[in-house]
Every structure is written in C-alpha cells, then in structure tokens.
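In: based on what follows, work out the 3D shape:
(one chain, ligands or ions: 3)
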Amino acid sequence: MRLITPEHPLIKHKLTILRDENTPQPVFRQLVEELMTLLAYEGTRDVAVESVPVTTPVASTTGVRLSEPLPLVVPILRAGLGMLEGMTRLLPTAEVGFLGMVRDEQTLQPTTYAKRLPEELSDRLCFVLDPMLATGGSIIGAIDYLFERGAQRVTAICILAAPQGLEAVREHFADRDVTVVVGAVDEGLNDRSYIVPGLGDAGDRLYGTID
Ligand SMILES: O=P(O)(O)OC[C@H]1O[C@H](OP(=O)(O)OP(=O)(O)O)[C@H](O)[C@@H]1O
Ligand SMILES: O=c1cc[nH]c(=O)[nH]1
Ligand SMILES: [Mg+2]
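Out: Ligands and ions are numbered 1, 2, ... in the order given. Below you'll find the model as predicted:
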C-alpha cells in the first residue's frame, strides 16, 4: 500500500474548521467538497493519459488527454457521497459507481446494503471515496469487492485516518496495487472506535442522525 498525505496549508486550515463541533452542517458539507478537490489533485497524479494533436488559434501542437477506459469513482454511502461533487469537479468524465455500507457500532463489522457498479472494472483506475478510515473494515471491504469484480488498481481517498486502520489496510493489501490518500493521520481510536481527535460521525454531520 502506498500512503500519500499531501502537505498543504489549505488542507490543514479547512480540516480545522471541519473538526470544530460548532461548524454548521452547510459549512461542513462545503468543506468536505473542497477538501475532496484538494486531495483529488494529489490522488489523480497517476491517471492514464495519451498524447493528442491540438490546434490552437496560433499553431498546432501536442497535448494530452485522459485515455480510455476512464477512471471509475465509487463513493461509499452515506458519508462518501459528500465527497463526490468535489471529485467530479476535477474528473467530470469519470464514471460513477456506488457502494452503500454501514458499520455495526457494536461489532464494528461493515455490512454492504447497496452495490451499483459498471460491468467492466479491469484496466481502469478505481477511486473509492470515504471521509473516515477508522478501523479500516469498511474501506477494506469496499476495495476487496472492487478487486473481486476485476479491478486491478484502487486509490482510496479519505479525509481522516487512524494509524491502526491504515496498518490494517497495509497488511490486508500487501500484494495489491492500493494507494491511500488522506488529509491527516490522527492519533488513534477511542473505546467506540471513533477517530481521535477526528470530527465525530461524518455521515451524521453531513446528512443528520438517522439511528
Ligand atoms: O473504518 P471503519 O471502522 O470501518 O469506519 C469507517 C466507516 O464508518 C463510517 O460510516 P458509517 O458506518 O457511520 O455509515 P454512514 O456513512 O452511513 O454514516 C465512515 O464513513 C466509514 O464508512
Ligand atoms: O470517527 C469515525 C469513525 C467511524 N465513522 C465516522 O464517521 N467517524
Ligand atoms: Mg456514520
């Protein structure tokens, strides 16, 4: 597993407001999108491109464009949905699939309740979006499923991660092409396996408490 933690003052600034328990929901949503765009800038460095001729009003030259098959973006519902707009702003032609997953707060095991992905995943870079990588169970489950469906390269983009979750991902995917891009690696997990200091429940802060 390759870990990328982009160092940028704007990421730190926006993260600090995001963490604040007094930040209102509309601002929280806006910041998740903005952070996503900043993280996507780093996370998309490896997208496949090809040379193309281009004629400007002045001369002909050679440029580059994204090559086929275009990347696939997979937000993990609910919280990952808050990152989708920030990602597609940078990659408007990407295809989008969906995985719905929820972590059982007692056992910490993730359950998948929705799957909607294109047939063909091989040869395309897959991006998994989830703001929180806590124990790592959800992101491991999501990436395992993408590999099962034929994906070969997966990049997970997260806003916060706990060291133990990252270690679990590293161990689980020792022999696979997995990259994790994360805004900050926090201190650890509390007794409910929430990231510390973290930002609380990302899904609830984006969309409200439903249970
Ligand atoms: O690394 P883990 O220990 O698996 O925890 C992280 C998962 O928990 C949160 O989702 P949650 O289950 O709260 O669902 P939600 O997005 O619907 O709120 C978060 O968005 C991750 O998917
Ligand atoms: O800190 C955490 C851990 C799991 N899910 C969240 O939304 N936040
Ligand atoms: Mg949640």
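In: pick out the residue of the protein closest to ligand 1.
Out: Using C-beta to the nearest ligand atom, Gly203 is the residue of the chain that sits closest to ligand 1, at 2.1 Å. Yep, even glycine has a C-beta here, placed from its N, CA and C like the rest.
In: what about the residue nearest to Ser67 when sequence neighbours are not counted, distance to ligand 2?
Out: Spatial nearest neighbour of Ser67, chain neighbours left out: Glu50 (4.1 Å); criterion: C-beta to C-beta, 6 or more residues apart in numbering. Glu50 sits 39 Å away from ligand 2, going by C-beta to the nearest ligand atom, to the nearest Å.
In: beta-bridge partners for Glu50, please?
Out: Arg65 (DSSP bridges).
In: that one against Arg65, yeah?
Out: Yes: using C-beta atoms under 8 Å as the test, Glu50 is close enough to Arg65 to be in contact (6.4 Å).
In: host element of the residue of the chain positioned farthest from its centre?
Out: Residue farthest from the centre of the chain, counting by C-alpha atoms, centre = their mean, is Val58 at 40.0 Å. Per DSSP states H and E: Val58 is located in neither a helix nor a strand.
In: could you number the chain from 6 rather than 1 from now on?
Out: Renumbered: residue one is now 6, and that last one reads Val63.
In: roughly how far does it sit from Thr214?
Out: Distance from Val63 to Thr214, counting by C-beta to C-beta, to the nearest Å: 57 Å.
In: for Val52, what are its contacts?
Out: 71, 76, 96, 130 (C-beta atoms under 8 Å, 6 or more residues apart in numbering).
In: if you set the cut-off to 7 Å instead, what comes out?
Out: By C-beta atoms under 7 Å, 6 or more residues apart in numbering, the contact set of Val52 is 71, 76, 130.
In: so who does the last one touch?
Out: What that stands for is Leu130. Residues in contact with Leu130, defined by C-beta under 7 Å, 6+ apart, are 51-53, 76, 158, 160.
In: hmm, try it at 8 Å
Out: 51-53, 76-77, 158-160.
In: ok, which residues in the protein are in contact with ligand 1?
Out: Applying C-beta under 6 Å from any ligand atom, one finds that the chain approaches ligand 1 through 81, 83-84, 106-108, 113, 115, 135-143, 170, 198, 206-208.
In: the residue lying closest to Arg181 once chain neighbours are set aside: how many residues sit nearby?
Out: Excluding the flanking residues, the one nearest Arg181 by C-beta to C-beta, 6+ apart is Phe152, at 6.6 Å. Residues near Phe152, counting by other C-beta atoms under 10 Å, number 17.
In: wait, a helix at Phe152?
Out: Yes: applying DSSP: H, G, I helix; E, B strand; the rest coil, one finds Phe152 inside a helix.
In: and it, how close does it get to ligand 3?
Out: Counting by C-beta to the ion, to the nearest Å, the gap from Phe152 to ligand 3 is 24 Å.
In: over to Pro136?
Out: Taking C-beta to the ion, one finds Pro136 at 10 Å from ligand 3.
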